[in-house]
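# just need the structure, nothing else, for what follows:
(2 chains)
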There are 2 protein chains.
Amino acid sequence: MEIFEKIVNKARECFLDSKGSHDWEHILRVYNLCLHIGKKEGADMEILKIASILHDIGRPYQDKSNGEICHAEKGVVLARELLSEFNFDNEKINKIVHCIETHRFRNKKVPISKEAKILFDADKLDSIGATGIGRAFLFSGEIGAKLHNKDIDIEKTKAYSKEDTAYREYIVKLIKIKDRMLTNEGKHLAEERNDFMVQFFDRLNKEVDGEL
Amino acid sequence: MEIFEKIVNKARECFLDSKGSHDWEHILRVYNLCLHIGKKEGADMEILKIASILHDIGRPYQDKSNGEICHAEKGVVLARELLSEFNFDNEKINKIVHCIETHRFRNKKVPISKEAKILFDADKLDSIGATGIGRAFLFSGEIGAKLHNKDIDIEKTKAYSKEDTAYREYIVKLIKIKDRMLTNEGKHLAEERNDFMVQFFDRLNKEVDGEL
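Reported below is the predicted structural model:
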């Protein structure tokens, strides 16, 4: 078995208990996007492939600690251990770890390398477009929220509540993602995904009123 | 308080424990669609408004009995009781009850009156389009299913399983709804909603592969 396959198998094990909106298939989608963007942007594909497969391996620790442990920081520690086992040299490990460390939206450490920027973009792209719409509703279902509230007041409603609809997520977070992209291809894809998302929620608001 | 408002309040009480994919707001969306279609089709709006508000009041009984009680049949009994309390005459009660009795997809009793056909269409329309997409993913989240599986084998997967994705629902059921419409305006709306749904899942399949 190739080393990459072994890394994939190790990473997959971290997601056995994950829920649908943030599971192993999120990793595969981000990996596919990294392949696509990486080719367009001329990235080091070995670094990018491994970083994308490993970028969320710290997530179970974050979930179990109710957010006290940062999954990006934990992922760095776990990735270093794992890559050392496979005898990667320090330079490669540092390049991969830089991508993992800087992929998180709210972290202060920002992506510097091309590969880190691509992973950042791919990970955020998975929150928008048709995929992002699906994930937002799936997550609403997981937390027992309602389908939709087109007149939602985001100041008076809370995340992880019955009122935490996909539409709330869209207004509060998803609509802003396209302005955070770091690569040209990421920007291009984000514009298209955003346009589709806008079209979706405009239609939903009209459907709910019985107009369409 | 008007009688209609009192009926609305009585009906709403039946949905206090309902989940997001089939809750009181489903009733309001169906009601809005009935208003829209009813005006286009020249329906008796009093019959249609009351029937749409009451059409699912039997649903909690169906859910609690794990499907043994049919919510349309139970709804007929409950609606008769409720409407008698408000002194509706028998003719009106029969017209309203006919709509409730025949609104269910799998029932043998079919809608004969214009109002019953409109309620049937409105109820099914709420399963497709942007609303239908949202409901399908929300339901997947509620039952702990995964986000998507574009290569799903519908013969080897089951409803209400982890593999019961929105996409499975779309292939097995939602794509066929447009061919079941009974009114002209219902057909028109269903075609548009179906086109949007096809566009959504085509895009989702490409996004998942990192193409868009």
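# who touches the longest helix seen in chain A?
Looking across chain A with DSSP state H, the single longest helix is helix A:184-208. Identification of contacts with helix A:184-208 by CB atoms under 8 Å, 6 or more residues apart in numbering or on different chains yields A:33, A:36-37, A:40-41, A:117-118, A:121-122, A:124-125, A:128-133, A:148, A:150, A:167, A:170, A:174-175, A:177-178, A:181, A:212, B:29, B:32, B:129-131, B:133-134, B:193, B:196, B:200, B:203, B:207, B:212. Quick note: C-beta positions are derived from backbone N, CA and C, even for glycine.
# pull out the buried positions in that helix.
The neighbour-count criterion (16 or more other CB atoms under 10 Å in any protein chain shown) identifies A:185-186, A:189-190, A:192-194, A:196-197, A:200-201, A:203-205, A:207-208 as the buried residues of helix A:184-208.
# which one of those is nearest B:Arg106?
A:Glu207 (24.0 Å; CB to CB).
# low-confidence regions, chain A specifically.
A:1, A:19-21 (pLDDT under 70).
# residues contacting the residue nearest the centre of it?
Ranked by distance to the mean C-alpha position of chain A (CA atoms, centre = their mean), the top residue is A:Asp123 at 3.4 Å. Listed by CB under 8 Å, 6+ apart, the contact partners of A:Asp123 are A:30, A:55, A:103.
# ranking these by neighbours, who comes first?
Within the contacts of A:Asp123, A:His55 tops the neighbour count with 31 neighbours, counted by other CB atoms under 10 Å in any protein chain shown.
# next, give phi and psi for it.
Per-residue torsions, A:His55: phi -60, psi -30 (degrees, to the nearest 10).
# OK, contacts around it?
A:27, A:30, A:72, A:75, A:99-100, A:103, A:119, A:123.
# if you set the cut-off to 7 Å instead, what comes out?
By CB atoms under 7 Å, 6 or more residues apart in numbering or on different chains, A:His55 lies in contact with A:30, A:75, A:99-100, A:103, A:119, A:123.
# farthest-separated two in the residues you listed?
Largest separation among the contacts of A:His55 by CB to CB: A:Val30 and A:Gly75, giving 13.1 Å.
# how about the residues of chain A by chain B?
A:20-21, A:23, A:25, A:29, A:32-33, A:35-36, A:129-131, A:134-135, A:137-142, A:145-148, A:166, A:189, A:192, A:196, A:200, A:203-204, A:207-212 (CB under 7 Å from any CB of the partner chain).
# residue of chain A nearest chain B, please.
A:Gly141 (2.1 Å; CB to the nearest CB).
# tell me, how many residues neighbour that residue?
29.
# report the distance from whichever helix or strand it is part of to the chain centre.
Assessed by DSSP states H and E, A:Gly141 sits inside helix A:129-142. Helix A:129-142 sits 13 Å away from the centroid of its parent chain (CA atoms, centre = their mean, to the nearest Å).
# C-alpha coordinates for it, PDB please?
Below are the C-alpha coordinates for helix A:129-142, written out as PDB (Å, rounded to 0.1, in the frame of the first residue of the first chain):
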ATOM      1  CA  GLY A 129     -23.100  26.600  -3.100                       C
ATOM      2  CA  ALA A 130     -25.400  23.600  -3.300                       C
ATOM      3  CA  THR A 131     -23.200  21.700  -0.900                       C
ATOM      4  CA  GLY A 132     -23.300  24.600   1.600                       C
ATOM      5  CA  ILE A 133     -27.100  24.700   1.300                       C
ATOM      6  CA  GLY A 134     -27.400  21.000   1.900                       C
ATOM      7  CA  ARG A 135     -25.000  21.100   4.900                       C
ATOM      8  CA  ALA A 136     -26.900  24.100   6.500                       C
ATOM      9  CA  PHE A 137     -30.200  22.300   6.300                       C
ATOM     10  CA  LEU A 138     -28.700  19.000   7.400                       C
ATOM     11  CA  PHE A 139     -27.200  20.700  10.400                       C
ATOM     12  CA  SER A 140     -30.500  22.300  11.300                       C
ATOM     13  CA  GLY A 141     -32.100  18.900  11.200                       C
ATOM     14  CA  GLU A 142     -29.300  17.500  13.500                       C
END
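# who touches that helix?
A:19-21, A:29, A:127, A:164-166, A:169-170, A:174, A:193, A:196-197, A:200, B:20, B:134, B:137-142, B:147-148, B:166, B:200, B:203-204, B:207-208.
# next, the angle helix B:184-208 makes with it.
Between helix A:129-142 and helix B:184-208, the angle comes out at 100 degrees (axes from the mean of the first three to the mean of the last three CA atoms, to 10 degrees).
# what's the next secondary structure element after helix A:129-142?
Heading C-terminal from helix A:129-142 (DSSP H and E), you reach helix A:166-172.
# list the buried residues of that following helix.
A:166-170.
# centre of the chain versus stretch A:198-212, how much separation?
27 Å.
# do the same with stretch A:179-199
That offset, for stretch A:179-199, works out to 14 Å (CA atoms, centre = their mean).
# what's the local residue count around the residue lying closest to A:Cys70 once chain neighbours are set aside?
Residue nearest to A:Cys70 in three dimensions, not counting chain neighbours: A:Gln62, with 6.5 Å by CB to CB, 6 or more residues apart in numbering or on different chains. A:Gln62 has 19 neighbouring residues, counting by other CB under 10 Å.
# please apply the same query to A:Ser127.
Neighbour count for A:Ser127, taken as other CB under 10 Å: 20.
# wait, doesn't it sit right on A:Lys176?
No - shown here, A:Ser127 and A:Lys176 do not form a contact pair, counting by CB atoms under 7 Å, at 10.5 Å.
# what residues are up against A:Cys14?
Applying CB under 7 Å, 6+ apart, one finds that A:Cys14 lies in contact with A:57, A:60.
# for A:Tyr61, the count of nearby residues, please.
18.
# chain center to the host helix or strand of it: distance?
Element membership of A:Tyr61 [criterion: DSSP H and E] is helix A:59-64. Here the centre of helix A:59-64 is set off from its chain's centre by 15 Å, with CA atoms, centre = their mean.
# same for that helix, what does it pack against?
helix A:71-85 (3 or more CB pairs under 7 Å, 6 or more residues apart in numbering or on different chains; DSSP states H and E).
# the helix it packs on: which residues count as buried?
For helix A:71-85, by 16+ other CB under 10 Å, it's A:71-76, A:78-80, A:82-83.
# try stretch A:123-132
Neighbour-count burial for stretch A:123-132 [16+ other CB under 10 Å]: A:123-132.
# stretch A:87-95 now?
Within stretch A:87-95, the residues scored as buried using 16+ other CB under 10 Å are A:88, A:93, A:95.
# okay then, goodbye and thanks.
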